[in-house]
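Engineer: predicted model, plus sequence, below.
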Amino acid sequence: MVHTLTVYLHLIAACSAIGVILISDLKLLNYFFRKEDQYFDIHLEIRMIIGSLAVLWTTGLLLVVQGIAVNPEYLHNEKLQAKIILVVILTINAFALHLISLPRIFNFDQHDDFVKTVLPPSISNSIWFYAAFLGIARNWNYSESLAFVLLVWLMIWLLIFAAMYILIRMAKTKRSKLIDASYLC
């Protein structure tokens with residue numbers, strides 16, 4: 001029963017975080033493609049994601065302890081090793097996201113260094129979604145190598161990075177044209 005409850009809490013925290021991330025990303029897209037600046041606040045979303053990450057760390061560690069208790073070879077699962085590596089990267093990346101990217105995102109008109117703006121959010125989004133996938137990819141347990149699992153994430157991250165980079169550039173260009181047009185009127 002404890003194991004089932006732990007898995008359930010882990011699932012709810014992952015779903016909550018991913019749902020809030022999707023909502024935040026949609027708010028950001030709306031913000032990017034508007035002509036005028038308007039007050040934009042995602043502090044509640046940030047607190048919810050941080051809370052979800054704390055629950056995920058707690059339940060994840062509990063699941064690992066439970067797994068080791070049942071099977072001493074539990075940590076030999078390379079998919080699990082990759083997930084742990086990715087969650088550590090996600091947690092460290094959260095600091096870069098909040099200290100570097102978010103201030104740039106809210107002033108993206110003034111910044112030309114799109115890599116610093118896009119790198120942390122693309123890492124974050126790719127890991128959140130891929131970690132959720134790894135949670136259900138049971139057929140990869142003890143069958144896929146650590147290198148393979150991380151390479152798949154790397155490809156996903158590159159696609160998300162490219163998409164975000166292109167969107168930010170398009171939004172900046174569109175916003176500049178709208179602002180220039182408003183000065184002409």
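Structural biologist: Alright, I've got the coordinates. Nothing here was measured: the structure is a model prediction, and the numbers come from that model.
Engineer: who are the packing partners of the lowest-mean-pLDDT helix or strand in the chain?
Structural biologist: Within the chain, confidence by mean pLDDT, DSSP states H and E is lowest for helix 102-105 among all helices and strands, at a mean of 71. On a contact count with 3 or more C-beta pairs under 8 Å, 6 or more residues apart in numbering; DSSP states H and E, helix 102-105 meets helix 114-136. C-beta here means a position set from N, CA and C on the backbone, and glycine is covered the same way.
Engineer: how about a cut-off of 10 Å?
Structural biologist: Using 3 or more C-beta pairs under 10 Å, 6 or more residues apart in numbering; DSSP states H and E as the contact criterion, the elements in contact with helix 102-105 are helix 2-32, helix 114-136.
Engineer: tell me how many other residues surround Ile85.
Structural biologist: When neighbours are defined as other C-beta atoms under 10 Å, Ile85 has 15 of them.
Engineer: no, scratch that, I was asking about Ile89
Structural biologist: Going by other C-beta under 10 Å, the residues that sit close to Ile89 add up to 15.
Engineer: what's the pLDDT at the residue nearest to Ile127 when sequence neighbours are not counted?
Structural biologist: Closest residue to Ile127 in three dimensions, ignoring its sequence neighbours and counting by C-beta to C-beta, 6 or more residues apart in numbering: Leu90, at 4.3 Å. Among the per-residue scores, Leu90 shows a pLDDT of 94.
Engineer: ditto for Phe133
Structural biologist: According to the model, Phe133 scores 96 on pLDDT.
Engineer: that one reaches Asn139, doesn't it?
Structural biologist: No - taking contacts as C-beta atoms under 10 Å, Phe133 lies outside contact range of Asn139: 11.8 Å.
Engineer: the residue nearest to Ile127 against Pro121, yeah?
Structural biologist: No - with contact defined as C-beta under 10 Å, Leu90 does not reach Pro121; the gap is 11.7 Å.
Engineer: which of these two has more neighbours?
Structural biologist: Using other C-beta under 10 Å, the more surrounded residue of Leu90 and Pro121 is Pro121, with 23 against 19.
Engineer: so what's the more buried one up against?
Structural biologist: Residues in contact with Pro121, defined by C-beta atoms under 10 Å, 6 or more residues apart in numbering, are 21, 24-25, 28, 93, 96-97, 101-102, 105, 160-161, 164, 168.
Engineer: and it, how far from Ile160?
Structural biologist: Between Pro121 and Ile160 the distance is 9 Å, computed by C-beta to C-beta, to the nearest Å.
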